[in-house]
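Undergrad: mind folding the following:
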Amino acid sequence: MKRCYRCGNEWVSERKQPLFKELCDGCSSYSHCCMNCRFYDEHAHNHCRIPTTEWVTDREGANFCEDFEFADTEIDQVADEVKRTAKEALQTLFEEAGHDPEPKGPDDFKKLFGD
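TA: Predicted coordinates:
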């Protein structure tokens, strides 16, 4: 489901992507902006997972990026669930082995991996 990053209002349209200056019906923020894009990543170069995109100063403002794809919140929720499940499984594995999953010093490192 495609939702506004600011208010969570669902974006419904026959078009695949919002127009460049289209506004959210719920909060009037720009729909075609970095914050709604599936490639937006605050930790990536240019805050985008596509390395060839140009720098965008205002991530909440309208932009003309042709690589824009509206983020699908359901896909993000599934990915978050997979990450959480994997982390819990790893935690259980370490607990069953009698190890602290987060080494805090050289002695803990040696316990986990040996000399």
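Undergrad: any idea how far Cys27 lies from Glu95?
TA: 44 Å (C-beta to C-beta, to the nearest Å). In this view, the C-beta of every residue, glycine as well, is placed from N, C-alpha and C.
Undergrad: please name the nearest non-neighbouring residue to the residue most central in space within the chain.
TA: Most central in the chain under C-alpha atoms, centre = their mean is Asp41, positioned 6.0 Å from the mean C-alpha point. Residue nearest to Asp41 in three dimensions, not counting chain neighbours: Arg49, with 5.0 Å by C-beta to C-beta, 6 or more residues apart in numbering.
Undergrad: contacts for stretch 49-59 next, please.
TA: 33-35, 39-41, 44-47, 63, 65, 67 (C-beta atoms under 8 Å, 6 or more residues apart in numbering).
Undergrad: apply 6 Å and report the result again.
TA: By C-beta atoms under 6 Å, 6 or more residues apart in numbering, the residues outside stretch 49-59 that reach it are 34-35, 39, 41, 45-46, 63, 67.
Undergrad: and Arg15, how many neighbours?
TA: By other C-beta atoms under 10 Å, 9 other residues sit near Arg15.
Undergrad: rewinding a little: now the contacts of stretch 49-59 as JSON lines including secondary structure, distance to Thr53 and pLDDT?
TA: Shown next, in JSON lines, are the contacts of stretch 49-59 (DSSP: H, G, I helix; E, B strand; the rest coil; distance: C-beta to C-beta, whole Å; pLDDT from 0 to 100):
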{"residue": "Cys34", "secondary structure": "helix", "distance to Thr53": "9", "pLDDT": "96"}
{"residue": "Met35", "secondary structure": "helix", "distance to Thr53": "14", "pLDDT": "95"}
{"residue": "Phe39", "secondary structure": "coil", "distance to Thr53": "8", "pLDDT": "95"}
{"residue": "Asp41", "secondary structure": "coil", "distance to Thr53": "11", "pLDDT": "93"}
{"residue": "His45", "secondary structure": "helix", "distance to Thr53": "9", "pLDDT": "88"}
{"residue": "Asn46", "secondary structure": "helix", "distance to Thr53": "6", "pLDDT": "90"}
{"residue": "Asn63", "secondary structure": "coil", "distance to Thr53": "10", "pLDDT": "92"}
{"residue": "Asp67", "secondary structure": "coil", "distance to Thr53": "6", "pLDDT": "94"}
